[in-house]
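Colleague: Here is a sequence together with a model predicted from it:
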Amino acid sequence: MPGSTNGTNGSTNGSTNGSTKAMGALTVGGLVAVTAYTVALGSNGWLWFGWVVLGLLTLAMVITPS
């Protein structure tokens with residue numbers, strides 16, 4: 001049937017590709033870095049804003065099909 005995925009056409013049903021995993025690792029690493037910066041030197045709104053944007057981009061990569 002057109003448009004259906006049965007797992008034989010190379011789709012990534014339930015799994016993430018390498019770039020999405022790398023983006024997720026970068027997002028988690030960014031969270032750790034921004035948190036450490038905040039604890040050591042005080043809060044910086046632009047760093048948190050940047051991390052939120054990175055998190056939203058990562059979420060979009062996870063949600064959208066490849």
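Modeller: Looks like it came in fine.
Colleague: buried stuff in the host helix or strand of residue 35?
Modeller: Element membership of residue 35 [criterion: DSSP states H and E] is helix 18-41. The neighbour-count check on helix 18-41 (16 or more other CB atoms under 10 Å) flags 20, 23-24, 27, 30, 34 as buried. Heads up, the C-betas are built off the backbone N, CA and C, glycines and all.
Colleague: Packing partners of that helix?
Modeller: Under the contact criterion of 3 or more CB pairs under 8 Å, 6 or more residues apart in numbering; DSSP states H and E, helix 18-41 touches helix 45-63.
Colleague: Tell me how far residue 61 lies from residue 38.
Modeller: 26 Å (CB to CB, to the nearest Å).
Colleague: Please apply the same query to residue 21.
Modeller: Residue 21 is 26 Å from residue 38, by CB to CB.
Colleague: One more: residue 56?
Modeller: Taken as CB to CB, the span from residue 56 to residue 38 is 19 Å.
Colleague: can you pull the contacts of the residue nearest to the spatial centre of the chain?
Modeller: By CA atoms, centre = their mean, the chain has its centre lying nearest to residue 58, at 2.3 Å. Contact analysis of residue 58 by CB atoms under 8 Å, 6 or more residues apart in numbering lists 20, 23-24, 26-27.
Colleague: Sweet, I'm off.
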